[in-house]
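fold the following for me, if possible:
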Amino acid sequence: MTEIIIELGNPEDPRATALLHQSHALMQSLFSEEDNHYLEISELCKPEIRFFIARKEDTYLGCAALALREDYAEVKSMFVDPDTRGLGIGDKLMAQLIDAGRSEKMGSLKLETGDVLHAANRLYYRHGFKDCGPFGDYEESDASVFMEMPLD
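Below is the predicted model:
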């Protein structure tokens with residue numbers, strides 16, 4: 001059986017773009033425009049972004065990004081193809097993001113996610129995230145859950 005590989009990727013690769021479009025469509029179906037905080041594909045190509053893909057051979061199964069801020073890194077664009085959920089891909093991507101945050105000497109990881117994304121929220125809690133208040137440019141919203149995990 002072929003192993004699932006987690007590695008740096010290019011958001012503009014058509015396989016990654018297809019995953020990101022699925023993710024954006026899902027977020028648009030669940031949340032209002034003002035409650036959608038995903039990064040556009042062009043924004044995921046900026047130097048302060050670390051974009052990772054999960055693949056099995058040449059098939060892309062999931063993606064996640066880390067946006068490097070001044071003293072923390074923000075988890076962005078975490079998505080696993082619905083057909084491959086339950087295989088531990090989200091856990092592998094999250095472990096990579098945590099490792100990347102540590103190697104970038106970030107003090108913590110933070111994220112904003114949706115209140116109805118129950119499986120994603122369970123994943124974040126399982127990896128040690130705790131609820132926190134809004135950070136960066138985010139404002140309080142009933143649809144948002146804010147989390148943080150120290151990396152020391």
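
gap between the residue sitting nearest the centre point of the chain and residue 129?
Closest residue to the average C-alpha location of the chain: residue 78 at 2.6 Å, with CA atoms, centre = their mean. Residue 78 sits 12 Å away from residue 129, taking CB to CB, to the nearest Å as the criterion. The C-beta positions use only the backbone N, C-alpha and C, and glycine is treated the same way.

count the neighbours of residue 11 for me.
22 (other CB atoms under 10 Å).

tell me the contacts of it?
Taking CB atoms under 8 Å, 6 or more residues apart in numbering, we find residue 11 in contact with 17, 20, 41, 44, 45, 51, 63, 65, 77.

roughly how far does residue 84 sit from residue 28?
Separation of residue 84 from residue 28 (CB to CB) stands at 22 Å.

so between the two, which is more surrounded?
More crowded of residue 84 and residue 28, by other CB under 10 Å: residue 84, with 17 against 12.

what sits closest to that one if chain neighbours are left out?
Leaving out its chain neighbours, the residue that sits closest to residue 84 by CB to CB, 6 or more residues apart in numbering is residue 61, at 4.6 Å.

which pLDDT value belongs to the one you found?
At residue 61, the model reports a pLDDT of 97.

same question for the one 3 residues further on.
Here, the pLDDT recorded for residue 64 equals 97.

can you name the residues bridging to residue 147?
residue 111, residue 131 (DSSP bridges).

restricting to C-alpha, output stretch 103-122 in PDB.
Extracted C-alpha coordinates of stretch 103-122, given in PDB (Å, rounded to 0.1, in the frame of the first residue of the first chain):
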ATOM      1  CA  SER A 103      10.900  25.300  12.900                       C
ATOM      2  CA  GLU A 104       9.900  28.900  12.100                       C
ATOM      3  CA  LYS A 105      10.400  29.700  15.800                       C
ATOM      4  CA  MET A 106       6.700  30.800  16.200                       C
ATOM      5  CA  GLY A 107       5.500  31.200  19.800                       C
ATOM      6  CA  SER A 108       2.100  29.700  19.000                       C
ATOM      7  CA  LEU A 109      -0.300  28.500  16.400                       C
ATOM      8  CA  LYS A 110      -3.700  30.200  16.100                       C
ATOM      9  CA  LEU A 111      -6.700  29.600  14.000                       C
ATOM     10  CA  GLU A 112     -10.200  30.800  13.200                       C
ATOM     11  CA  THR A 113     -12.700  28.100  12.200                       C
ATOM     12  CA  GLY A 114     -16.400  27.700  11.800                       C
ATOM     13  CA  ASP A 115     -18.700  26.800  14.700                       C
ATOM     14  CA  VAL A 116     -20.400  24.100  12.600                       C
ATOM     15  CA  LEU A 117     -17.200  22.400  11.500                       C
ATOM     16  CA  HIS A 118     -17.400  19.800  14.200                       C
ATOM     17  CA  ALA A 119     -14.900  17.300  12.800                       C
ATOM     18  CA  ALA A 120     -12.400  20.000  12.200                       C
ATOM     19  CA  ASN A 121     -12.800  21.400  15.700                       C
ATOM     20  CA  ARG A 122     -12.300  17.900  17.200                       C
END
